[in-house]
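> Provided below are the primary sequence and the corresponding predicted coordinates.
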Amino acid sequence: MTSVQNLIKRLFPHKIITHRLSDLHNQLLQQSIDKNDIFLSIEKENKSRQFCCLSIEELLRLFECCPTTERTLYESISINKPVRTYIDFEYLIDKNLNIQNHYIGPMCCLKVLYYFLNAPDDTINTVERYTENILKQFLVLEASTTEKISYHFINVNPSILFESISSLGIFIKAIIRFLLLAIVKHKCAMFNMDIPIEQFNNASNLINQLAPFIHTLRNHCRQCNTSIPYVSIADIAYLLVQNRGNEWTLAIDTNVYSKNQQFRLFNCVKYGKNNPLVPSTTFPFHYQLEYSSHNLLKKSLITFMEDDHIPKVYLNGDKFDINLSSISNRITTFSYNLININLTNQHIIPLTFSKPSTNVSKSRTPQNLIHFNKINHLNSSVKDIQLFLNFVENIVTSEPSYQGYVHTCVRGIYNKDLLFFNIAEKLHEHELATKYPPFDPLKFEQFFVNFRTTDSTLIHLIDQIKSSTVFTLDTESILIPYQLNKPALIQFQIILSESFSSVVLIEMCHLPRAYEHTLTLVKQFFQTLFNADKNIFIWGDSRELHNFCSYNLFTCDQLDLCNPIDLQNEFKTHWNKQHPHQPTTSASINYSELACELSQWLDKCRTTSSFDIGLDRTLYHFNSAEIEHYQSLIRYAVYDFLSMQQIILKLKLIEHQESNINPSNEIITATLNDLTDMARDDDQHDLPTTNNFEPISPADIQADSTPKRQQTLTKAERRPIHNRTSILKQRKRYYKNEIIISNIDRRFTIKQIKGIIKSYSVPYSAVKFSTSSTTRKQSVHIGIRSPSQLNDYQHQIDHLFTTSHYNRFINHQQTYRSSSKR
Ligand SMILES: [Zn+2]
């Protein structure tokens, strides 16, 4: 198999191919390149990329020699080059089952673009003529599949260009704001909403406000016109779609206008896929004329301009303006003044402005780092990092009322050129950082479960599970490109008293072998745990846990038995009650909320780390730098769900009495400091047992199932937790108004059912299973938040969860999982 980069080397032996775009730019500085040369990014395995620069003739030659399935080519869009207008439009079909006609959204998008990029023309007076004109100007490339709607719209015969990708980005965002406001401000028999004007500046706020009405808007506002010809309010509502997490968002991806953007080329594929971006047959380009694929390729390039006599939109201060210097004809000049630039100008959002520094060397001075005191994690080996920091800082501080702040910045694991910024509000974060001490977990003892773990440790842990009813559980997976996440770690906490717990890290990639007795004990361990009488709190997605069934330590049936409690949901409900003016909008809670709630600071920079490497330091030989790295991974894994315990206490899901007040110094517990000390104290690697604590002899266990250490706990710490009642009370409340669907397919998990109910916009409070003692048939009980509409909701969902529904659902899931975003 010949890869594209090998082909380039063969065809054009003198070409430079680099692993980093910045290296390519640096090396090309010495050569003279034509401004029309095209920067290409070549996608390879593991989503890594290489970069090179070709002339248009070379690119055409490359296309001739390279079969489509090998063409993993992207156009790398330089920040300072003029660009054609382009849009990336996509959404998942199975998340938007309410959309019956998938052409309305794309067509609406095209009409809107055409309107903003052209002068009004009275002679176009039918929708057919209008569409015809649009398709003379826009090339529509399509890579839709059965699970995804995916288009690129490219303004290939433009009236105007944009001076740079960033001015295009701001222009598109202004248009989006115009559209959202058109919906919000319109009033009709079906829609009449008063949204405070201060909400207008935030697109995601507006979308959230509109979310409950989107179905109504699509179905009833077809006659509600806008100032854009042939575009109704209903049409605009098709631009709002639900994403993977069922959150409402835009089908137009506004992230494609950032720096170093790479846009897939015409007739090219993603690595390992076979769905090339081809001209859409539904929206055929200029259908009276035949275009060669060479011609289409040329036209579809975002930065390649055969004709330089096209005016360019640029940002003049905080307004768009048109640079007409390349035009000599006065009449055309006049008509350009009519382009709807002024309309767009009214909708520029101050927040979208950023002033990327043009003077790179100046901005690299270290003073600029001074107030980024949280940035220590950053490896600044890439020279441009300072520039990115400034860039991000400019964006997040440009609006005085949103004092943005860069919390952390981490580098992508596979693509080292990617930086992930964790941005927060400065005032709030700063307040938190000074007000609250660093995260101080409650006391715990830590165990590893892997092939080194002894029988006695496992027996001890099983006894602990038997004696407790409250557990928190979290999982970590590692990312493998083109595959499902690989389950790596189960973190599990046995809450033994109000302020003392055992923390167990089960290292899935380092389990005992099948014939070993310890593996049987590990299975027994899970069998004891996954039981209906155990309260297991999980943070978020319990489907994650189902992925771990492949290790054969427990089955999906066992998991369904235990009905875990979604702590994230509990927390959200609690948060919304306490902070009605700041609703949580994202599926995952952001950490300033968490910190606020816990009054503590939790550092979350290790999320994408390699949890499969074997965390127990007795497993392999480590040097001290490795130990430090592993300690920080352990710290992350442990803190992550010790924070769950604190949330449980905070939300009073279990009773919390005088715990953790004046903890006695005599209590022997393992805190993280101890762990770190232990990791450093010697270089001895061949420890016989797996946990870092005093080995427990079987005699101890026989004499007393509580190990020695725990006997030294204070009275307060040994007090058992009387939690059942408060949880049961809460459960009762949830199911007061319930819909029961009987005889459902047993393979549905709670998580799946919740997702499906959510997609029908039914506001549930809780979901649980029950099994008939006579017929053994399974039912699902769905607690409903607004009882007045119980009948409506029942009608909407009572046909679901049958076996045929499950089969359809799983088909969707599989195809949906195997697809990946752009
Ligand atoms: Zn309307």
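Yep, that arrived.
> The closest residue to residue 551 other than its chain neighbours: neighbouring residues, count only.
Spatial nearest neighbour of residue 551, chain neighbours left out: residue 508 (5.5 Å); criterion: CB to CB, 6 or more residues apart in numbering. Bear in mind the C-beta positions are built from the backbone N, C-alpha and C, glycine included. When counting by other CB atoms under 10 Å, one arrives at 22 neighbours for residue 508.
> what about the closest residue to residue 162 other than its chain neighbours, neighbour count?
Nearest residue to residue 162, sequence neighbours excluded (CB to CB, 6+ apart): residue 168, at 4.0 Å. A count of neighbours around residue 168, defined by other CB under 10 Å, yields 23.
> how about the residues of the protein near the ion?
Proximity of the chain to the ion, by CB under 5 Å from the ion, involves residues 188, 191, 221, 224, 233.
> quick revisit: which SS class is the residue nearest to residue 162?
Judged by DSSP: H, G, I helix; E, B strand; the rest coil, the three-state class of residue 168 is helix.
> wait, doesn't it sit right on residue 83?
Yes: using CB atoms under 8 Å, residue 168 is in contact with residue 83, at 5.6 Å.
> and of the residues of the chain next to the ion, the nearest to residue 108?
Closest to residue 108 out of the residues of the chain next to the ion is residue 233 (10.4 Å), distances taken as CB to CB.
> Run through the residues that contact the closest one.
Under the criterion of CB atoms under 8 Å, 6 or more residues apart in numbering, the neighbours of residue 233 are 182, 183, 186, 188, 191, 217, 221, 224, 225, 226.
> a helix runs through the first one, doesn't it?
In this case it means residue 182. Yes: the assignment for residue 182 is a helix, going by three-state DSSP.
> doesn't residue 225 make contact with it?
No: with contacts counted by CB under 8 Å, residue 182 stays clear of residue 225, the gap being 9.8 Å.
> between these two, which one's more packed in?
More crowded of residue 182 and residue 225, by other CB under 10 Å: residue 182, with 19 against 15.
> domain assignment for this structure?
Domain ranges of the chain: 4-66, 86-351, 360-435, 443-720, 735-818, per automatic domain parsing.
> Lowest mean pLDDT across those, which one is that?
If the domains of the chain are sorted by mean pLDDT, domain 360-435 sits at the bottom with a mean of 50.
> Past the strand or helix carrying residue 557, which element shows up next along the chain?
Using DSSP states H and E, residue 557 sits within helix 556-562. Using DSSP H and E, the helix or strand that follows helix 556-562 towards the C-terminus is strand 565-566.
> Direction included, what does that next one pair up with?
Sheet partners assigned to strand 565-566 using DSSP bridges are listed as strand 535-538 (parallel).
> Now do the buried residues in the strand it pairs with.
For strand 535-538, burial by neighbour count (16 or more other CB atoms under 10 Å) applies to 535, 536, 537, 538.
> Distance of the first one relative to residue 529?
Meaning residue 535. Separation of residue 535 from residue 529 (CB to CB, to the nearest Å) stands at 11 Å.
> do the same with the last one
For residue 538, the distance to residue 529 under the criterion CB to CB works out to 12 Å.
> same deal with the second one?
If you measure residue 536 against residue 529 using CB to CB, the figure is 7 Å.
> what touches both of those two?
471, 562.
> which residues of the stretch 101-250 of the chain fall in helices?
Along the stretch 101-250 of the chain, the segments classed as helices by DSSP state H, counting those that start in this stretch run 104-117, 127-137, 165-185, 203-210, 214-220, 233-237.
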